[in-house]
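K.L.:
sequence unavailable; structure follows:
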Ligand SMILES: C[S@@+](CC[C@H](N)C(=O)[O-])C[C@H]1O[C@@H](n2cnc3c(N)ncnc32)[C@H](O)[C@@H]1O
């Protein structure tokens, strides 16, 4: 018997993992009567998988991404692949600007010529953009010279929040990212929302910072809230993680204040599951313009700037989801200090935000998304994502009477839940 065992290569390991997890997914599709996965609008799942199937889906995505990258030369990996990503912003902007997805019928197709007439853009330009989009699984050309929907273009046509995400991405995020390094050179120690790549990208057309601009442009404020809804569709950011991340059920008839709660999506999910909770959603006037209550739910809306003294006194929980990562440390301290006069003994401040682990601790896909957010929060707001020690420093600086009681990361969630108790 040979003592030399053949080492399995990483490529073979990944291929085996992909084989294993995709077989489980296929079995689930077959047994549950779903169509096999394809880019066809009818075949893409629109309802979440059960937890174990979702784990297999995520593992297959992770392994196949690593395999595809492993199979590239380092030169291609750092050059042409990156170029692809930045140029794809052009066709996304085209689709958004001319509302192209809604010009293609949901059933059937449209010729390039008719599409060009309908949006007032020359046919050659329409073809160039749409064919690049098709190569990216958005639209398809099942019949030569005619455009129809893929699963991807269909969701753009059907959902305002997807169009909102696309619009904010091409008109705000991309220009901001192009100016991020200019801002870094101009303000190397930026700690104010006025010293950002976003502000430079506006080339003078700004009220001073991102949030002030949303305040003067209602359409953008509404679009921002739509982008938040779109984020909540992803498995890592779905609102079910809010429900799972904290023992809301143990709070009984608690009064909750959801600061920066946008148009109330999180509050509605909580209120539906725990009808005893009474929830006040606070946000800026521009954001609340799109907010509507829902019958039978104890969810109310209140205009409030979280840098001002908190008007709702003695609530049981003050909840902040995805707020502090928009602000530099000093501003986070100010937000907490503005709460203190309203806090009763034992009140909780519950934060749902990223808690950064060490490099390499997360699955690579999630790590990329977390690190992209860290860079983007800096480029947009001179803010950042934080490690646990950073969170502890902010609370300690705000007041030593905040005691950290628990930190947990719901399975599959990109965000963690930190629970702080007011001990005064
Ligand atoms: C990243 S979003 C998070 C929204 C929501 N909590 C969620 O998890 O989807 C940040 C929110 O903070 C709100 N906001 C920004 N500045 C604010 C301020 N000074 N006072 C209150 N809300 C503010 C924005 O309008 C926006 O709704």
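P.N.:
On my side now, so go ahead. In this text the structure is predicted, and so the values were computed from the model without any measurement. Residues are numbered from 1 along each chain as shown.

K.L.:
grab the nearest non-local neighbour of residue 415.
P.N.:
residue 352 (5.1 Å; C-beta to C-beta, 6 or more residues apart in numbering). For the C-beta atoms, the positions are set from N, CA and C on the backbone; glycine is no exception.

K.L.:
so is the helix or strand hosting the one you found next to the ligand?
P.N.:
Assigned by DSSP states H and E, residue 352 belongs to strand 348-353. No - figure legend: strand 348-353 not in contact with the ligand (C-beta under 6 Å from any ligand atom); closest approach 7.3 Å.

K.L.:
ok, then the element right after that strand?
P.N.:
strand 355-356.

K.L.:
show me what whichever helix or strand comes after that following strand is in contact with.
P.N.:
Using DSSP H and E, the helix or strand that follows strand 355-356 in sequence is helix 364-381. With contacts defined as C-beta atoms under 8 Å, 6 or more residues apart in numbering, helix 364-381 is touched by 58, 61-62, 65-66, 172-173, 176-177, 179-180, 183, 190, 193, 196-198, 209-210, 236, 325-328, 354, 356, 359-362, 383-385, 414.

K.L.:
try 7 Å this time
P.N.:
61-62, 65-66, 173, 176-177, 180, 183, 193, 196-198, 210, 236, 325-327, 354, 356, 362, 383-385, 414 (C-beta atoms under 7 Å, 6 or more residues apart in numbering).

K.L.:
check whether it comes near the ligand.
P.N.:
No - contact between helix 364-381 and the ligand is absent, the nearest approach being 9.3 Å (criterion: C-beta under 6 Å from any ligand atom).

K.L.:
distance from the chain centre to whichever helix or strand comes after that helix, please.
P.N.:
Next along the chain after helix 364-381, taking DSSP H and E as the criterion, comes strand 386-387. Offset of strand 386-387 from its chain centre (C-alpha atoms, centre = their mean, to the nearest Å): 18 Å.

K.L.:
now stretch 59-74
P.N.:
Offset of stretch 59-74 from its chain centre (C-alpha atoms, centre = their mean): 23 Å.

K.L.:
which residues are in contact with it?
P.N.:
10-11, 14-15, 17-18, 21-22, 25, 77, 81, 363-365.

K.L.:
and those, which two are the farthest apart?
P.N.:
25 and 77 (27.2 Å; C-beta to C-beta).

K.L.:
and those two? Which one has more around it.
P.N.:
Per other C-beta atoms under 10 Å, whichever of residue 25 and residue 77 has more neighbours is residue 25, with 20 against 14.

K.L.:
can you tell me, leaving aside adjacent residues, what's nearest to the more buried one?
P.N.:
Using C-beta to C-beta, 6+ apart, the closest residue to residue 25 is residue 56 (5.6 Å).

K.L.:
burial of the residue nearest to residue 415, as a residue count?
P.N.:
There are 21 residues near residue 352, going by other C-beta under 10 Å.

K.L.:
then residue 122?
P.N.:
9.

K.L.:
can you tell me the element the nearest residue to it once chain neighbours are set aside falls in?
P.N.:
Among residues not flanking residue 122 along the chain, residue 116 sits closest, at 6.3 Å (C-beta to C-beta, 6+ apart). Assigned by DSSP H and E, residue 116 belongs to helix 112-119.

K.L.:
residues in contact with that helix: which ones?
P.N.:
98, 100, 103, 122-123, 126-127, 145, 147.

K.L.:
if you set the cut-off to 8 Å instead, what comes out?
P.N.:
With contacts defined as C-beta under 8 Å, 6+ apart, helix 112-119 is touched by 98-100, 103-104, 110, 122-123, 125-127, 130, 145-147.

K.L.:
got it, and stretch 398-410?
P.N.:
Stretch 398-410 has contacts (C-beta under 8 Å, 6+ apart) with 241, 244-245, 332-333, 336-337, 340, 348-349, 355, 388, 391-392, 395-396, 415-424.

K.L.:
what's the answer for stretch 172-191, then?
P.N.:
89, 93, 195-201, 220, 328-330, 375-376, 378-380, 382.

K.L.:
of the residues you listed, buried ones?
P.N.:
Buried subset of the contacts of stretch 172-191 (neighbour count, 16 or more other C-beta atoms under 10 Å): 89, 93, 195-201, 220, 328-329, 376, 378-380, 382.

K.L.:
residue contacts, the residue of the stretch 151-300 of the chain found nearest the ligand?
P.N.:
Nearest to the ligand, among the residues of the stretch 151-300 of the chain, is residue 260, at 3.1 Å (C-beta to the nearest ligand atom). Residue 260 is in contact with 282-283, 306, 320-323, counting by C-beta under 8 Å, 6+ apart.

K.L.:
6 Å instead?
P.N.:
Residue 260 makes contact with 283, 323, according to C-beta atoms under 6 Å, 6 or more residues apart in numbering.

K.L.:
same question for residue 267.
P.N.:
Residue 267 sits in contact with 258, 261, 279, 281, 299, where contact means C-beta under 6 Å, 6+ apart.

K.L.:
which helix runs longest in the protein?
P.N.:
For the chain, the longest helix by residue count, based on DSSP state H, is helix 10-31.

K.L.:
for the ligand, give me its nearest residue in the stretch 1-150 of the chain.
P.N.:
The ligand sits closest to residue 48 of the stretch 1-150 of the chain, with a gap of 18.4 Å, by C-beta to the nearest ligand atom.

K.L.:
what helix or strand does that residue sit in?
P.N.:
Using DSSP H and E, no helix or strand contains residue 48.

K.L.:
that one: neighbouring residues, count only.
P.N.:
As a burial measure, residue 48 scores 13 neighbours (other C-beta under 10 Å).

K.L.:
in terms of pLDDT, where does it sit?
P.N.:
If you check residue 48, the pLDDT there is 81.
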